[in-house]
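**Q** When you get a sec, could you give me coordinates for this:
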Amino acid sequence: MAAEKTTILIVEDEPAIVELVTFSLREAGWNVCAAATTAEAWEFIQRRMPHLILLDWMLPDQTGLRLLARIRADRNFSEIPVIMLTAKSMEEDKIAGLNNGADDYVTKPFSPRELLARAKALLRRKAPEHAQAVMSAGAVTLDPVSCTVAIDSNKIDIGHAEFKLLKFFLAHPERVFSRSQLLDKVWGDHVVIEERTVDVHVLRLRKALKESEKLIKTVRSVGYMLSEK
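**A** You can find the predicted model right below:
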């Protein structure tokens with residue numbers, strides 16, 4: 001069972017930079033896609049939401065800042081983490097980028113290792129469900145790298161959808177999520193699934209967790225949460 005790979009979108013029109021960054025990020029096990037213009041990037045985002053965008057400041061059709069403003073203004077995409085890539089090292093430009101909603105800033109020429117470290121840190125901060133560290137609650141442990149779940153160190157069989165759901169719950173313990181939030185966060189807006197399907201996956205997840213099923217709590221008329229209390 002393969003877990004969904006972290007997808008990074010590079011919006012950059014210099015092929016040499018795209019190649020360099022792509023190589024480093026693929027080495028980290030990530031899926032990398034590239035767009036050379038803001039129009040291409042916007043089209044890509046609407047088709048498939050990336051986990052992180054590396055966005056160049058100067059692009060052929062319009063500035064990266066314009067695209068960033070558009071992303072932040074759209075309810076569906078406003079939470080996507082964005083790192084600006086730019087040759088501009090001027091303080092005012094950095095402030096403009098951060099004021100427009102950039103999460104971080106890397107000035108060219110940059111080291112791919114530094115960029116990778118920044119990207120990993122940002123993903124950990126913004127989307128803990130994409131982190132690679134082992135996660136646990138009670139007797140349950142989940143390893144995102146090997147895509148395995150164990151109870152008291154014994155591996156269990158778990159479906160792909162249930163794995164994603166458990167991973168999300170483990171990343172956000174003690175927080176209640178409605179069915180529609182779970183649909184959006186775990187499966188993504190582009191997937192056509194009915195809200196009641198979430199109940200089916202929760203049921204299957206509890207079944208897979210056996211004695212640890214009580215970790216997944218139902219909050220009446222709201223939704224579900226993972227809690228050790």
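**Q** Could you list the domains of the protein?
**A** 7-130, 135-226 (automatic domain parsing).
**Q** Quick check: which ranges of this protein have low pLDDT?
**A** Across the chain, the ranges flagged by pLDDT under 70 are 1-4, 88-91, 128-132, 188-193.
**Q** Tell me which residue is most central in it.
**A** His51 (3.7 Å; Cα atoms, centre = their mean).
**Q** out of everything not next to it in sequence, what's closest to it?
**A** Using Cβ to Cβ, 6 or more residues apart in numbering and skipping the chain neighbours, the partner closest in space to His51 is Thr6 (4.8 Å). C-beta: built from backbone N, CA, C; applies to glycine.
**Q** Pull the contacting residues for that neighbour.
**A** 29-31, 51-52, 123, 130 (Cβ atoms under 8 Å, 6 or more residues apart in numbering).
**Q** Among those residues, which ones are in helices?
**A** If you go by DSSP state H, these have Leu123 in helices.
**Q** Dump the contacts of Thr6 to CSV, plus distance to Glu174.
**A** Below are those laid out as CSV (distance: Cβ to Cβ, whole Å):
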residue, distance to Glu174
Gly29, 29
Trp30, 29
Asn31, 31
His51, 24
Leu52, 26
Leu123, 21
His130, 20
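**Q** Out of the contacts of Thr6, who's the most crowded?
**A** Counting neighbours by other Cβ atoms under 10 Å, the top entry in the contacts of Thr6 is Leu52, with 25 neighbours.
**Q** just checking, that one touches Arg118?
**A** No: using Cβ atoms under 8 Å as the test, Leu52 is too far from Arg118 to be in contact (10.0 Å).
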